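In: Got a sequence here, can you build the structure:
(chains A and B)
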Amino acid sequence: QKEVEQDPGPLSVPEGAIVSLNCTYSNSAFQYFMWYRQYSRKGPELLMYTYSSGNKEDGRFTAQVDKSSKYISLFIRDSQPSDSATYLCAMRKNSGNTPLVFGKGTRLSVIA
Amino acid sequence: GAVVSQHPSRVICKSGTSVKIECRSLDFQATTMFWYRQFPKQSLMLMATSNEGSKATYEQGVEKDKFLINHASLTLSTLTVTSAHPEDSSFYICSAAGERGANVLTFGAGSRLTVL
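Out: Below is the predicted model of the structure:
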């Protein structure tokens, strides 16, 4: 079993839809959870960062972490064509100089 | 915010040659840089972790003699792909801890290497 599982999609939704992206993980030591957006042939761009369990909202984006279920989600409200990208979940065990472990990424297309 | 400058963004080279990729932290000191590799439609796979002034730590299966990492200063880390072969063609991305403390990593824009 991989440490982080993420459905690669592709996921296609109409403009204005609510998008739900998810990841599961197996290592209970993960404490820091992030969502990155990656456009084609570009480096990942940080969208959301959450420490431990809970919800975090930033504009149209909401991140949820349920450590008891080892499950994290990213919700995108009122999706726009410009949201079309690959979304990667990532997590790490400690702060400081520890690397991120990434999911495979979900390719999202928002159709106008 | 924290910025990591990575170049070249794209490089094409002949098989057997060496290619150097640079990553610079522009407005913060990066004591640690992480180097990732990403194949098409795949996730980012950690190759190595480099700490300023010391030898890099490589992940299992990554050849340290092929992928030379140098982190000589707090703002510069380099990855050299030696004797490149077509199977080394990939997207290489560096990352470093951002200015919000060490909890968030900032990524470079990536370097696409094509070996002919």
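In: my guess is B:Thr57 contacts B:Ala48, does it?
Out: Yes. Contact criterion C-beta atoms under 8 Å: B:Thr57 and B:Ala48 qualify, at 6.2 Å. In this view, the C-beta of every residue, glycine as well, is placed from N, C-alpha and C.
In: Return the residues of chain B in contact with chain A.
Out: B:6, B:31-32, B:34, B:36, B:41-46, B:49, B:51, B:91, B:93, B:95, B:97, B:101-110, B:112 (C-beta under 8 Å from any C-beta of the partner chain).
In: which of these are buried?
Out: By neighbour count, with 16 or more other C-beta atoms under 10 Å in any protein chain shown, those hold B:6, B:31-32, B:34, B:36, B:43-44, B:46, B:49, B:91, B:93, B:95, B:97, B:102-110, B:112 as buried.
In: Which members of those residues are positioned in strands?
Out: B:6, B:32, B:34, B:36, B:46, B:49, B:91, B:93, B:95, B:97, B:105-107, B:112 (DSSP state E).
In: Check pLDDT for those and point me to the minimum.
Out: Lowest pLDDT within these is found at B:Ala97 (74).
In: and B:Trp35, what are its bridge partners?
Out: As for beta bridges, B:Trp35 partners with B:Ala48, B:Cys94 under DSSP bridges.
In: how close does it sit to B:Lys55?
Out: 14 Å (C-beta to C-beta, to the nearest Å).
In: Who has more neighbours out of the two?
Out: Using other C-beta atoms under 10 Å in any protein chain shown as the criterion, B:Trp35 and B:Lys55 rank with B:Trp35 on top: 27 against 12.
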